[in-house]
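Undergrad: Whatever this is, show me its structure:
(one chain, ligands or ions: 2)
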Amino acid sequence: MTPPAELVLASGNAGKLAELRALLGADRWRLRAQSDFGLAEVEETGLTFVENALLKARHAARATGLPALADDSGLCVDALGGAPGLHSARYGGGHGDAGRNIARLLHELDGVPDAARTARFYCVLVLLRAADDPQPIIAEGSWPGRILAAPRGTRGFGYDPVFFDPEHGCSAAELEPAIKNAASHRGRALAVLRQRLPELR
Ligand SMILES: O=P(O)(O)OP(=O)(O)OP(=O)(O)OC[C@H]1O[C@@H](n2cnc3c(O)ncnc32)[C@H](O)[C@@H]1O
Ligand SMILES: [Mg+2]
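TA: Ligands and ions are numbered 1, 2, ... in the order given. This next block holds a predicted model:
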């Protein structure tokens, strides 16, 4: 039996890495975090989620010589014209500081009634077989919900505590990881990616 091929996960976000590992499983691919290679994060200069995911995948594939999977994702809130969107990681001023990101989001939505707090998580996954792969596999997924008035739950990461999933009647941070992965933007994007890459089936 051929050993699983190595795949570098081009992310520095521990929450994403955990979910991608759980979603991909370890039977098909030997998953390596980019930090295993001492890889610094690449600057996300794209004007779209797709461009940023391509930048991250190409940076990791070039640096490691391996196939690379990158995820660019964010929270898009209707009452804020789609913000924080591409800037979700830095919305509160720091990078990846969930406490500050959530504090700013709740401040911006102060006084907005429940019915007008609709939002969706959005994820683009890009898989490059090599840094110069001319046919990247691109898949997207989105997860509709609304923003709570106050955080609830301790699971997940990032904005999960304030993202209410109407299907399950709780915040994303109150969901068991497997339940979140089955419902989330990331899980939906990976399901699409699997269709396009037999090795992932
Ligand atoms: O770029 P990488 O290294 O992958 O890590 P990152 O955290 O910077 O990731 P992004 O640039 O894609 O920014 C995504 C932001 O959206 C948030 N986010 C993405 N998916 C999420 C999820 O499933 N639950 C909660 N927050 C999420 C996350 O916390 C970040 O603040
Ligand atoms: Mg990022």
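
Undergrad: after the worst-scoring helix or strand of the chain on mean pLDDT, next one along is what?
TA: Ranked by mean pLDDT, DSSP states H and E, the weakest helix or strand in the chain is strand 29-33, scoring a mean of 89. For strand 29-33, the following helix or strand on the C-terminal side (DSSP states H and E) is helix 49-64.

Undergrad: what about the strands in this protein?
TA: 5-9, 29-33, 68-77, 118-128, 137-147, 163-165, 170-171 (DSSP state E).

Undergrad: Can you tell me how far Ala98 is from Ala131?
TA: 31 Å (Cβ to Cβ, to the nearest Å). Placement of C-beta: from N, CA and C, glycine included.

Undergrad: same check, this time on Leu197
TA: Distance from Leu197 to Ala131, by Cβ to Cβ: 17 Å.

Undergrad: and the least confident helix or strand of the chain with ligand 1, contact?
TA: No - Strand 29-33 lies out of reach of ligand 1 by Cβ under 6 Å from any ligand atom, never closer than 10.1 Å.

Undergrad: May I have that strand as CSV, with CA atoms only?
TA: Extracted in CSV, the C-alpha atoms of strand 29-33 (Å, rounded to 0.1, in the frame of the first residue of the first chain):
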residue,chain,number,x,y,z
TRP,A,29,-2.6,12.3,3.5
ARG,A,30,0.2,12.9,6.0
LEU,A,31,-0.8,16.4,7.1
ARG,A,32,2.0,18.8,8.1
ALA,A,33,1.4,22.3,9.6
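
Undergrad: Which neighbouring elements make contact with it?
TA: Applying 3 or more Cβ pairs under 8 Å, 6 or more residues apart in numbering; DSSP states H and E, one finds that strand 29-33 makes contact with strand 5-9, helix 14-24.

Undergrad: wait, doesn't Glu108 sit right on Leu75?
TA: No - assessed by Cβ atoms under 8 Å, Glu108 is found out of contact with Leu75, at 11.7 Å.

Undergrad: Compare these two (neighbour count), which wins?
TA: Leu75 (27 against 15; other Cβ atoms under 10 Å).

Undergrad: Provide a list of residues in contact with that one.
TA: Pro84, Gly85, Ser88, Leu105, Ala119, Arg120, Phe121, Tyr122, Gly158, Tyr159, Phe163 (Cβ atoms under 8 Å, 6 or more residues apart in numbering).
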